[in-house]
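> Any chance you can model this:
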Amino acid sequence: MKYRAEIDGLRALAVVPVILFHAGFELFSGGFVGVDVFFVISGYLITTILIEDIENQRFSLVNFYQRRARRILPALFFVMFVCIPFAWIWMLPSQMKDFSQSLVAVSLFASNVLFWRESGYFDAAAEEKPLLHTWSLAVEEQYYMLFPIFLCLAWRYGKNRVFWMIVVMASISLLFSEWGWRNKATANFYLAPTRAWELFAGSIAAFIVQKNGVQKNNFLALLGLAAIIFSIFAYDESTPFPSVYALVPVLGVVLLVLYAHKETLAAKFLSTKALVGIGLISYSAYLWHQPLLAFARVRLQQELSFVLMVFLSLASLVLAFLSWKYIEKPFRDRAKISRKAVFVISIFGICLFFFIGQVAIYKEGFRDRYNDVLTHLEWMSLRERADMVGYPCSSFNDPQYPNLVLCEYGDVTSETILVAYGDSHHDAISYTLDRLAKERGVRVIKANIGSCGVIFDITALPATANLARHHSSCSDGFEQLRQMILSYDANVLVVSRWTIQMFPAPRVVDELNFNNGVGGQEVNLDYRENRAVFADGSSSLNWEFKREAFVKLLNGLASASNSLFVNYPIPEMGWNIFNENLKSIRETGALVDELMYPSPNYYKRNEAVIGVLDRFASENPNVHLVRADLAFCDSLRQGFCVGQIGNVIYYSDDDHLSDAGAMLFLNQTSLNDLFDTNE
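Here you go, the predicted model:
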């Protein structure tokens, strides 16, 4: 295959925006399309090689896989190996376990499947996953495994028919992705069936170039370049991807492949030494950038500064050059590394990382490294506790309520029932609530509405058919929840992180990540801003709409329940309590003496939500507010909201309560009234 310098330049145009996007530079809000550019390039190059080999009767599946192994695995394995000691030093056990699972998944060429299945509320922040970017490699590897076999088997039907088979498969995949982003957005993003059309687009271009050669057309080549650049700056994370929106950068690449003859302006631009140089090291640059950024975030536990983002972005290019020169190039040289050596090294690397990953998973992320902290705080996160000892709630189904996700705990044989509703703030106190319910002979039924946020608009008509179906399901589920409460004549306990569910309130639009004013700053919470789904599909900043939805929810629950118990917002801490103690023990050998911040900061942040709750309770005599503020603010230390005093630690992280905190919280109401008992 004839070398095309502009393709390497195109690789640079793909990798630089990806790096800057992941670093957090808002200007490159659509930098993620660089991955789609890579897909098209891969499809074009691989198909070109395969067509030439098949037509010249020199195709060998073993040789093909050998070339792919030389190209992909050495640099990948080296980056994975370098990541391991930093993961050991800096990662908490739950993070280490996640990282270890990704080691296994990468070894099996299935990391896209892992990250699809991991996605959800308990998932670690994506920015802190060093191998998250390997999902795209997995998609390509799956394509490399299957496409050559398809091409060989289909070639007997003629080259022209093979071409049209690929066109049909690409069309089906594109239609599938259009359905996918509306119905299964996470699977749509990560899995190969909805990404295959981008690789097939490159394959289609390869057939055309193989037949007609690269045509010279300045206008179409520049149009293709402009389409890619436009998508880099115009798209953002709210753009459905992949979908027809991805046609803009994908067709942009196709136009460049077909019409960027070396004499065109676009080809001359892409063939400049700087772009070609970056393009040559683009694979290594892609491998290095995510681990650098992820480990920086894991280590610092704060937003990266502009200077640090620039430094890490440049560092990824420097490391890329070194690994390209000393890892990639030698392994591509058949005179230095034989075919047998390539396969031996590949198999050894796959087995090694698979083994390391499995051991770390079995050892729960080597949890015993943190025993000094765990003697004072048994669990370092809600997720870790659920992973290791299980969530106390046992799932069950009731055919009367098909839209509800149900589980039960406490005394599950009792006819005295408390219905619980909420998010992870309820899950955090459920261990303590389970113990108290068993002591009092009460069955707790936790109910959530499948695929719906804690707060949602239960009456307004949505803007789109898809949202209409979603909200119809949510509304049906909410009515089923009300009917269940009425049938049991039950009390209801609602515990939720209202601050995030209702965010942003007036005046605090830019303060989603809580800053306690004395050094505690939450990070990586942006993905939670739209946890609650609203009917207009876009009004994330509309406080009045959210307030109305909140009141509708509370009214519906209050009218169905015997007594409704609703929490005041549990004070956010700003600090991750476990991490602060871990750092203190490493540096001083002792726990943090105390962690607290001025209570006016709590009331200012939650003023709007508290106002809704106070007014609602004053108008509904069967509503009782569980005053989380009285538990943690001004009572333990006057003028402060407290997360820890000495060895008594009330939080497991920055906002989820420990068992000690849960007991303090639940004591803000009469337990006899809550459980509807007279002990």
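> So what does Val412 look like in phi/psi?
Main-chain dihedrals, Val412, degrees, to the nearest 10: phi -70, psi -10.
> Which residue, other than its chain neighbours, is closest to it?
Closest residue to Val412 apart from its sequence neighbours, by C-beta to C-beta, 6 or more residues apart in numbering: Arg443 at 5.4 Å. For every residue, glycine as well, the C-beta is placed using N, CA and C.
> What is the burial count for that neighbour?
20 (other C-beta atoms under 10 Å).
> Now Ile417. Its backbone dihedrals?
phi -120, psi 140.
> tell me the contacts of it?
By C-beta atoms under 8 Å, 6 or more residues apart in numbering, the contact set of Ile417 is 442-445, 488, 490.
> mind listing what Leu270 touches?
Applying C-beta under 8 Å, 6+ apart to Leu270 gives the contacts 5-10, 12-13, 225, 256, 260, 276.
> As TSV, the residues you listed with distance to Leu317 and neighbour count would be great.
Converted to TSV, those look like this (distance: C-beta to C-beta, whole Å; neighbours: other C-beta atoms under 10 Å):
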residue	distance to Leu317	neighbour count
Ala5	19	18
Glu6	20	27
Ile7	19	20
Asp8	15	21
Gly9	15	28
Leu10	17	32
Ala12	10	22
Leu13	14	26
Leu225	22	25
Leu256	23	33
Ala260	24	32
Val276	14	18
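> Output the contacting helices and strands for the strand or helix carrying Ser173.
In this assignment (DSSP states H and E), Ser173 forms part of helix 159-183. Packed against helix 159-183 by the contact rule (3 or more C-beta pairs under 8 Å, 6 or more residues apart in numbering; DSSP states H and E) you find helix 134-154, helix 185-190, helix 196-212.
> Quick one, which of the ones you listed gets closest to Asp659.
Taking C-beta to C-beta, helix 185-190 is the member of the helices and strands packed on helix 159-183 nearest to Asp659, at 32.5 Å.
> what kind of secondary structure is Gln638 in?
Classification of Gln638 using DSSP: H, G, I helix; E, B strand; the rest coil returns coil.
> Quickly compare the helices and strands packed on helix 159-183 and say which is most buried.
helix 196-212 (a mean of 23; mean count of other C-beta atoms under 10 Å).
> Run the angle between that one and helix 134-154 for me.
Interaxial angle, helix 196-212 versus helix 134-154 (axes from the mean of the first three to the mean of the last three C-alpha atoms, to 10 degrees): 50 degrees.
> returning to that earlier point: quick one: buried residues of the helix holding Ser173?
Under the neighbour-count criterion of 16 or more other C-beta atoms under 10 Å, helix 159-183 has 162-163, 166-167, 170, 173-174, 176-178, 180-182 buried.
> of those, closest to Gly450?
Arg182 (17.3 Å).
> Quickly note the distance from that closest one to Ile204.
Here Arg182 is placed at a distance of 25 Å from Ile204 (C-beta to C-beta, to the nearest Å).
> Tell me where this structure has strands.
394-396, 404-410, 417-422, 443-449, 491-495, 564-567, 594-598, 623-626, 640-645, 648-649 (DSSP state E).
> So for Glu52, which of the ones you listed sits nearest?
Once those are compared by C-beta to C-beta, strand 404-410 is nearest, at 54.1 Å.
> how about the contacts of Leu270 in a markdown table, adding pLDDT and distance to Ser231?
A markdown table is the format used below for the contacts of Leu270 (pLDDT from 0 to 100; distance: C-beta to C-beta, whole Å):
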| residue | pLDDT | distance to Ser231 |
| --- | --- | --- |
| Ala5 | 93 | 23 |
| Glu6 | 95 | 19 |
| Ile7 | 96 | 19 |
| Asp8 | 95 | 20 |
| Gly9 | 96 | 17 |
| Leu10 | 97 | 14 |
| Ala12 | 97 | 16 |
| Leu13 | 96 | 11 |
| Leu225 | 97 | 11 |
| Leu256 | 97 | 13 |
| Ala260 | 95 | 17 |
| Val276 | 96 | 22 |
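> Cross these against helices and list the overlap.
Counting by DSSP state H, the part of these found in helices is 5-10, 12-13, 225, 256, 276.
> Could you tell me how many residues sit around Tyr3?
By other C-beta under 10 Å, 6 other residues sit near Tyr3.
> Now the phi/psi pair for it, please.
phi -70, psi 140.
> Not counting its neighbours along the chain, what's nearest the residue nearest the centre of the chain?
By C-alpha atoms, centre = their mean, the chain has its centre lying nearest to Ala126, at 4.4 Å. With sequence-adjacent residues excluded and distances taken as C-beta to C-beta, 6+ apart, Ala126 is closest to Leu132, at 5.8 Å.
> Quick check: which ranges of this structure have low pLDDT?
Within the chain, the ranges that satisfy pLDDT under 70 run 120-125, 373, 375-380, 457-471, 503-511, 523-542, 677-679.
> 50 instead?
Counting by pLDDT under 50, the chain has low-confidence residues at 120-124, 458-469, 506-509, 526-541, 679.
> mind listing what's buried in the lengthiest helix in it?
Counting by DSSP H, the longest helix found in the chain is helix 61-90. Buried residues in helix 61-90, defined by neighbour count with 16+ other C-beta under 10 Å: 64-70, 72-80, 83-84, 86-87.
> re earlier: nearest to His656, out of the buried residues of helix 159-183: which one, please.
Nearest to His656 among the buried residues of helix 159-183 is Trp181, at 31.3 Å by C-beta to C-beta.
> how near is the closest residue to the closest one other than its chain neighbours to Arg299?
Nearest residue to Trp181, sequence neighbours excluded (C-beta to C-beta, 6+ apart): Pro240, at 4.0 Å. As for Pro240, its distance to Arg299 is 34 Å (criterion: C-beta to C-beta).
> Those two: which is more packed in?
Neighbours were counted for Pro240 and for Arg299 using other C-beta under 10 Å; Pro240 has more, 17 against 13.
> list the contacts for the more buried one?
By C-beta under 8 Å, 6+ apart, the neighbours of Pro240 are 181-182, 185.
> what would these look like in a markdown table with distance to Asn672?
Listed next are these as a markdown table, based on distance: C-beta to C-beta, whole Å:
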| residue | distance to Asn672 |
| --- | --- |
| Trp181 | 50 |
| Arg182 | 48 |
| Ala185 | 45 |
